[in-house]
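Trainee: After the sequence you'll find the predicted model.
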Amino acid sequence: MIKTFTGVSLVKSSRVSLGRYFALLLLIGIAAFMAPGFLTLQNILNLLRSFSFLGFISIGMTFVILSAGLDLSVASLLALCSVLTALFQHWGIYLGHTTTLSYIFPFPFILITVLLIGSFLGFLNGIVITKLKITDFVSTLGMMVFARGLAFAISGGRSIFEVGAETLFMGRGMVGIIPFVACLWVFAIMFCTIVLKYTAFGQRLYVSGENPEAARLSGVDPHIYKIAAYTISGFFAALAGVCMTGRLNVGEPRVAQGWELDAIAAVVIGGTSFAGGQGSVVKTILGVAIIGLIRNILSLLGILPSPQQMIMGLVLLFAVILQRLGERNSD
Amino acid sequence: MNKGVPLLEAKGIVKQYPGVLALDKVDFDVFSGEVHCLAGENGAGKSTLIEIIGGSYKKDEGTIRINGTEVEFASPKEAQESGIAVLHQELPVLPYLSVAENIFLARQPRNKAGFVNYSEMYRQARKWLDIIQADINPRSLLGSLPMSKQQLVSIAKALSLDAKIIIFDEPSAVLTSVELKRLFEIIGSVKKEGKGIVYISHRLEEIFEIGDRVTVLRNGRLVGTRPIEEINRDTLIKMLVGREISEEVPTERKEIEDKAVLAVKGLCRKGIFEDISFTVNRGEILGVYGLVGAGRTEVIRVIVGADPLDEGEIYIENRRVRIKSPKDAIKYGICLAPEDRKQHGLILGKSVQENIVLPSLHRFKRSLFLDYGRMRSYTRKFVSSLRIVTPTLSQKVRFLSGGNQQKVVLAKWLGMEMKVFIFDEPTRGIDIGAKEEIRSLIRKLAEEGRAIIVISSEIPEIMSLSNRIVIMHNGRITGCLLREEATKEKLIAYSMGANHI
């Protein structure tokens, strides 16, 4: 009796999220039909790796959107951190020799520095939004242009070729048969899920995102949690930047253009509410997979990047409309 | 005075809302060249009547005649075309347009090419502003003007619309006394031109100052319409309050320890309230009465750190404290059940448990993580002791009834050893059975030795709960009564600005 009872309400409340799983299955079906090798373990692991880079910034974006914000600067921060990672291994570039590695600092130090820079720029986003009361759209747009410009400025607009073995491992390395970056992504998801669900920090982040005024009156300072969310977003953008540099073996200021929109799309398609306070990092995996698969299939079909962009736009719009309808039904 | 055909005559107006008779056969009329005041408590039906006359609401029964011809307004625009102008308290203005553009909104003078003829528009705007002797540049942005001048602009607009009847909805709520004096002069001159003025006010002194006649509504019913010469302050208060004896239940007053838990001295927020001082003792319930807009909520928002304080001192158990945020207030043991439960008191999309443990989350940490088992038993304790009706602890509070929602708000603070509980309209929007339950919970808290502040607009509620009642009017405390001394008449008189009875 109870079982049927909860069963009914479950189906009712999550019809939209079930729709997402169907969409994913459908995409997998299409891909498997078009490319016979699609469902092999090897390919799935490859896909997992290719998802990870967008996956990292989508995790950060999930935190930001849960706090009722929006971060347009992630892709530029990724590019800046990519350039920094390569540059820190190429101080010699300023001495005229471009292809030899010239470490001044050991890799762990470089890694930590880049992650700190990314987090700090995210932190700045948070400060500008909460303390100077600039809307998140405008302030992160500013950061987006600034970080991309900085990436071009310090690299002189050039790609910085060749990075060290540790960086390469971050992007290309394997743990057994599993790509290292995928392991890192899965670990990050688990870690963030635990943080959001089982710590006071996570609970307060959710509450501050859904209703900042009520949170404030309950003694929770919503500003702190918003700043934290942007800092986390900056951290993951930096992490994605380091891994990306390893994957490409290049510090590249042009990398990841337009990814901020893919990350937002992944979070929203996954089912995290734009209004803040509702959603999870696990949901975002689904969004990342859907976005990644659509891109993959469109490439398999030989569709050029610009029409791809157009189709992605429609997908995002469709997902948001579906979510709206879902929210209306559940009210 | 009452000669000829009235400019406006409303007869037998009935307006029914589900479960409430907002207006019950109300008659109201305005003659040319008079100021007719409309008075009544909160919820007496003044606004409803005005909205019907102004065409915003539809009446269920009754007739409205303008100059003797029956009219039926389908929209505010139609009422406007018949010469009725309603000047609402919150004026619908476009702050980034000029004064002239606001006056001639959607009817700007055009030139031959069909474009707006700005010089003509400014000229005409100047003319109307001059008529009321308003020193306002028609080119300045409306949003850059103070509230009082915006009010003058809307009067100019009403005149330019050739309004025969101008309705002022509590203008004094947003004006200073100097500005109000100016407004009264303008009303006087407009009156001489043969317009009919309707003036709604909470304040007795204003009614006597500018009114020619006064109509009193109570609980949606017409109490009476009198020429101002025939009544005095006492008869007007009697009309407002009615003869019914207040239904207070004077429980035997238990000894209140004379031990101040919360004391505030000279609290001030510029332009909102000033010079607010009171104390609340251990085990005492302090009621705060006042009309809407008297500044009650604003005062307690300052005490709980939700808004900044301009001046004044707050003491907790005789120690001066500085409260900069709600977090500080909670640290000192002050908590609030806010007026807007849904927006400020609760996180509607979160569960009963998540809401109840929110302020005390830090207590459930076990190393880095939250101890869900302990959170559940903590929540369950309050769900059963307060008898919160919910299917599970993980039910979203959105789906609970008003009474149960209020209990969840209360449960948030019960486990935290708060010293001062502040309730802002604790029973608003709650059904009658649950109201009494909430009230007895409040009484129980007082018996346990907490200091309690209750803001309420319901006189019977405030009389039955409080040990002492503070009355506010226009951002100031106008009276402080022990329950034994308090009567409905006194509360209303103080709340309307009388400072002695």
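Mentor: Sure, I can see it.

Trainee: What ranges in chain B fall below the confidence cut-off?
Mentor: By pLDDT under 70, the weakly predicted segments of chain B are B:1-3, B:18-19, B:42-43, B:89-92, B:173-174, B:176-177, B:243-257, B:432, B:499-501.

Trainee: Chain A contacts on that one?
Mentor: Neighbours of chain A within chain B, by C-beta under 8 Å from any C-beta of the partner chain: B:304, B:306, B:325-327, B:329-330, B:336, B:338, B:343-350, B:354, B:358-359, B:361-362, B:364-365, B:368-370, B:372, B:412. C-beta here means a position set from N, CA and C on the backbone, and glycine is covered the same way.

Trainee: Phi first, then psi, for residue B:385.
Mentor: As for residue B:385, its main-chain torsions (degrees, to the nearest 10) stand at phi -70, psi -30.

Trainee: returning to what we had before: weed out the non-buried ones from the residues of chain B next to chain A.
Mentor: Among these, those classed as buried by 16 or more other C-beta atoms under 10 Å in any protein chain shown are B:304, B:306, B:325-327, B:329-330, B:336, B:338, B:344-350, B:354, B:358-359, B:361, B:364, B:370, B:412.

Trainee: Looking at those residues, which are in strands?
Mentor: B:336, B:370 (DSSP state E).

Trainee: so how many other residues sit close to the residue nearest to residue A:272 when sequence neighbours are not counted?
Mentor: Using C-beta to C-beta, 6 or more residues apart in numbering or on different chains and skipping the chain neighbours, the partner closest in space to residue A:272 is residue A:279 (2.6 Å). Using other C-beta atoms under 10 Å in any protein chain shown, the number of residues around residue A:279 comes to 23.

Trainee: Quick check, pLDDT for residue A:279.
Mentor: pLDDT, residue A:279: 91.

Trainee: The one 4 residues further on now?
Mentor: If you check residue A:283, the pLDDT there is 90.

Trainee: Just the ones in helices from the buried ones among the residues of chain B next to chain A, please.
Mentor: Applying DSSP state H to these, the entries found in helices are B:326-327, B:329-330, B:354, B:412.

Trainee: near chain B at all, the helix or strand harbouring residue A:192?
Mentor: Using DSSP states H and E, residue A:192 maps to helix A:180-198. Yes: Helix A:180-198 comes into contact with chain B (C-beta under 8 Å from any C-beta), by way of A:194, A:198.

Trainee: which outside residues touch that helix?
Mentor: With contact meaning C-beta atoms under 8 Å, 6 or more residues apart in numbering or on different chains, helix A:180-198 is reached by A:45, A:48-49, A:51-53, A:55-56, A:59, A:62-63, A:66, A:169-175, A:201-202, A:205-206, A:236, A:239, A:243, A:246-247, A:280-282, A:285, B:369-370, B:372.

Trainee: ok, now with 6 Å
Mentor: Applying C-beta atoms under 6 Å, 6 or more residues apart in numbering or on different chains, the external contacts of helix A:180-198 come out as A:48-49, A:52, A:55, A:59, A:173, A:175, A:202, A:243, A:281-282, B:369-370.

Trainee: cool, and stretch A:219-227?
Mentor: A:67, A:126, A:130, A:204-205, A:208, A:212, A:215-216, B:326-327, B:330, B:359.

Trainee: now swap in stretch A:269-282 and tell me
Mentor: With contact meaning C-beta under 6 Å, 6+ apart, stretch A:269-282 is reached by A:17, A:59, A:62, A:65-66, A:68, A:189, A:192-193, A:206, A:209-210, A:283-284, A:286-287, A:290, A:319, B:349.

Trainee: Cheers, nothing more for now.
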